[in-house]
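Q: Mind folding the following:
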Amino acid sequence: EAAFSYSAHYLDDARDISDALGKHGEWIWAHPRLRRSFEAFADLIILDKFTHFYGDTGGIYNRGLTLKPSLLEEAIRHSSSPKIARYLRQAYDVHGRHRSSSIEDAFSTSEHDRVETDSPVVAEHELASTLAPVKGVAIMRTGRGEGRAALYFDYGYAHAAHSHADRLNINLFAHDREFLPEMGYPEYMDSVQPTPGGWTTHTASHITVEVNEKRQLEGVFGDLHGFVHGEWIKYVDASCEDAYVHADVSLYRRSLALIDIPGGAYLVDLFRVRGGEKHDYLFHGPPVDVTLGNIELADPWRGTLAGEDIEFGVKPDSVLPYHVDNKGYQYLFDVRQGTVDGPYHAAWNLPDGVTFYANFVPAEGEQFYETSGYPRPSSKKPPAMPFLVRRTKPVDPGDLSLFASVLSYSKDTSQIIEAKMLALSPDSDSDAYALLIRHRYGEDVMMSCLTPSGRAKTADGRFELHGQFGAHSTREGAPPRMMLVGG
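A: From the prediction side, this is the model:
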C-alpha cells in the first residue's frame, strides 16, 4: 500500500488476528517486524501532531495522526519501545483518550519489560530527520519549541495502490500547521469517474513539475542523491526520471535545503528538468487568497488552463481519468497570465496573523499563470483557492529548466528580503546553480551541482564549489559558516 492510512490497516489486522488466536497469538506481538512497523509510523510524525496526507488520505485540512490511541495502547502493552510510548502520548494529545485509560495504565498492565514514562527518551519530542528509503520519503526536521519546522519530501515508492501521481512532491510544516496541503482522498471510488484521476490524485494538484501537460506515472521508485541532517542546514536531494519516461525526460530532480534562522527556518527549492517540450512548476499554498508582488496579471481567460475552449472539469471522452494523457488542467479556471521581469513573490495571509511567503527566481523565458481551483471539484467545498503555474518551453530537448524558489513564513514582516540567482563563470557545470538569499539576520549563498565532482564558481570569483552542494552563511555578530556536501 502506498497511502499511510491504508498501510496502517495491516497493523489493525495483526491485532485482530492475535486477539482471535488468544494465547496462541502472542507470537504476533512479539515479532520484531511488528514492533518496527509501529516505530516506523512514529518516525513519520511532524510537530507532534501531523502525519503528511500521503496518497489516498485525508483532505485539505490536516487534523490528525495515522494510528489511533486504542491501537497504540495495545502495542505498548506488548512492547517497551520509547518511540511507541511517545507516539501514544502524541495520539492522546491529538485524538483524546478513547476510554478511561492512561499511558501509565498501559505500562502497568504489561507483562513485558516496562519503560519509565518519565524517562528523557520517552518525554523527548525533538526527533532528528527521518529517511524511509523503501517508502521513498524524507522528513527533514529542525529547531526546538515554537521554532520547530519540518520538510516532507516524497521521492518515490514502487507501489501504485492508493497512490497519487506526485513524485518529488513536498510539504512544509511550522507554526503548528502545514503550509502546502494535499487535496486528499478522491471524491469517488469509481475509477471511470472524472474527479479522482482528474484532480485529487493528479500531478496537477501537487507541488511538483508536470511535463508536456501529462500526468506522472504512478508506482515508480526514485533515487536518493543526498540526505544530510546538519547543524544548521538540513539537505535532501532526489530524482525520479521514471515518473516521466513517457515524456522522454532525462533529468527530473529536486534539491532542497532547510536553513535555520532565529525563530524558525526557510526552505530553498531547486527543481531541475531536462527533456520534453513544456515544463510546469506547480505550486499552491494554504487555502486562502494570495497576494502577488513584482508581477502584472492580464485579464482572466475564458475556459480553463487546459484551453480557452475547454470547460471546467471536462476531458476528452477518449482519455481515461488516470491515463497519462489526462492533463488535469481542466480543473483550473480564472486563468490570468503574468509578465515576469525578474524575481517575484507571493504571500498567503492567514487569519491568525501568520503569513506564508514564496519568493520565485525565474528561469530563462519563464511564463507565469495564476489560476483558481477547488480542493474538491465535485462538491466545490471548500471554496476555490489559488493555484500557481510557472512554465518554461525549452527550445531544444536537451535544454535545462531550473525552477528556484525560497519558501518562508513569519508572524511579522517577511523574513526574506531578497532572493536572486548569482551569475556563474563559463567553466562552471552547465547544470550548476548559485542563489543569494538576503534575510533579516544576514545572508546565505547556496551553490548546487548534480554530483560530488561538480564544479561551480560565481562570475565575481567570490564563491567556488567543488562538490554537490555548498553553503556560505553570515549572521549579524557571528563569524561566517560553511557547509559542503559530496565534495
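Q: so the spatially most central residue of the chain bridges to which residues?
A: Centroid-nearest residue in the chain: residue 170, 1.5 Å away (criterion: CA atoms, centre = their mean). When bridges are called by DSSP bridges, residue 170 pairs up with residue 153.
Q: That one touches residue 180, doesn't it?
A: Yes. Between residue 170 and residue 180 there is a contact at 6.3 Å, judged by CB atoms under 8 Å. In this view, the C-beta of every residue, glycine as well, is placed from N, C-alpha and C.
Q: hey, what's in contact with both of the two?
A: residue 207 (CB atoms under 8 Å, 6 or more residues apart in numbering).
Q: going on from whichever strand or helix holds residue 445, what's the next piece of helix or strand?
A: Taking DSSP states H and E as the definition, one finds residue 445 inside strand 442-448. Sequence order places strand 455-457 as the next helix or strand after strand 442-448, per DSSP H and E.
Q: how about stretch 13-24: buried residues?
A: Residues 14-15, 18 are the ones in stretch 13-24 that count as buried (16 or more other CB atoms under 10 Å).
Q: Mean confidence (pLDDT) on that stretch, please.
A: The predicted model assigns stretch 13-24 a mean pLDDT of 95.
Q: What are the contacting residues of it?
A: Applying CB under 8 Å, 6+ apart, the external contacts of stretch 13-24 come out as 25-26, 28-29, 34, 71, 74.
Q: from the middle of its chain, how far away would it be?
A: In terms of CA atoms, centre = their mean, to the nearest Å, the centre of stretch 13-24 is found 37 Å from the chain centre.
Q: With distance to residue 330 and secondary structure added, can I get the buried residues of stretch 13-24 in CSV?
A: Shown next, in CSV, are the buried residues of stretch 13-24 (distance: CB to CB, whole Å; DSSP: H, G, I helix; E, B strand; the rest coil):
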residue, distance to residue 330, secondary structure
14, 42, helix
15, 43, helix
18, 48, helix
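Q: Closest to residue 393 out of those?
A: Nearest to residue 393 out of these is residue 14 (CB to CB; 51.2 Å).
Q: quick one: the closest one and residue 375, what's the gap?
A: Distance, residue 14 to residue 375, by CB to CB, to the nearest Å: 34 Å.
Q: circling back: out of the contacts of stretch 13-24, flag the one nearest to residue 326.
A: Checking the contacts of stretch 13-24 against residue 326 with CB to CB, the nearest one is residue 71 at 37.0 Å.
Q: correct me, but that closest one touches residue 9?
A: No. Using CB under 8 Å, residue 71 is not in contact with residue 9; the gap is 10.6 Å.
Q: Look at these two and report which has more neighbours.
A: residue 71 (20 against 11; other CB atoms under 10 Å).
Q: Wasn't that one part of a helix?
A: Yes. Under DSSP: H, G, I helix; E, B strand; the rest coil, residue 71 falls within a helix.
Q: quick one, what contacts it?
A: When contacts are counted by CB under 8 Å, 6+ apart, residue 71 touches 11-12, 15.
Q: Throw the residues you listed into JSON lines and include distance to residue 265, thanks.
A: What follows is the contacts of residue 71, written out as JSON lines (distance: CB to CB, whole Å):
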{"residue": "11", "distance to residue 265": "32"}
{"residue": "12", "distance to residue 265": "36"}
{"residue": "15", "distance to residue 265": "38"}
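Q: what kind of secondary structure is the residue lying closest to residue 217 once chain neighbours are set aside in?
A: Once flanking residues are discounted, residue 217 sits nearest to residue 243: 5.5 Å by CB to CB, 6 or more residues apart in numbering. Assigned with three-state DSSP, residue 243 falls in the helix class.
Q: tally of neighbours for residue 243?
A: Residue 243: 29 neighbours (other CB under 10 Å).
Q: Could I get the full set of helices for the protein?
A: Ranges of helices within the chain are 4-7, 9-21, 26-30, 32-42, 69-77, 82-95, 103-108, 120-123, 194-195, based on DSSP state H.
Q: got a list of contacts for the first one?
A: In this case it means helix 4-7. Counting by CB under 8 Å, 6+ apart, 1, 41, 44, 51-58, 66, 161-162 sit against helix 4-7.
Q: Averaged pLDDT, that helix. What do you get?
A: pLDDT averaged over helix 4-7 gives 88.
Q: How about the shortest one?
A: On average, the pLDDT along helix 194-195 is 48.
Q: rewinding a little: quick check: the residue nearest to the centre of the chain vs residue 148, distance?
A: For residue 170 relative to residue 148 (CB to CB), the value is 17 Å.
Q: before we move on, what about residue 354?
A: Taking CB to CB, one finds residue 354 at 14 Å from residue 148.
Q: Comparing these two, which residue is more hemmed in?
A: For residue 354 versus residue 148, neighbours defined as other CB under 10 Å are more numerous around residue 148 (21 against 18).
Q: per-residue pLDDT, the closest residue to that one other than its chain neighbours?
A: Nearest residue to residue 148, sequence neighbours excluded (CB to CB, 6+ apart): residue 47, at 5.9 Å. Model confidence at residue 47, given as pLDDT, is 94.
Q: where in the stretch 51-200 of the chain is pLDDT low?
A: By pLDDT under 70, the low-scoring segments of the stretch 51-200 of the chain are 98-126, 188-197.
Q: Repeat that for the stretch 251-400 of the chain.
A: In the stretch 251-400 of the chain, no residues with pLDDT under 70.
Q: And the strands in it, which stretches?
A: 251-261, 264-274, 279-283, 290-293, 296-297, 333-339, 344-349, 355-361, 367-373, 385-392, 400-410 (DSSP state E, counting those that start in this stretch).
Q: Which one of the ones you listed lies nearest to residue 207?
A: Residue 207 lies closest, by CB to CB, to one member of these: strand 279-283, at 5.6 Å.
Q: Export the closest one to CSV, keeping only CA atoms.
A: Written as CSV, here are the backbone C-alpha positions of strand 279-283 (Å, rounded to 0.1, in the frame of the first residue of the first chain):
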residue,chain,number,x,y,z
HIS,A,279,7.7,22.2,-18.0
ASP,A,280,5.2,23.4,-15.5
TYR,A,281,6.3,24.0,-11.9
LEU,A,282,3.0,23.7,-9.9
PHE,A,283,2.5,25.4,-6.6
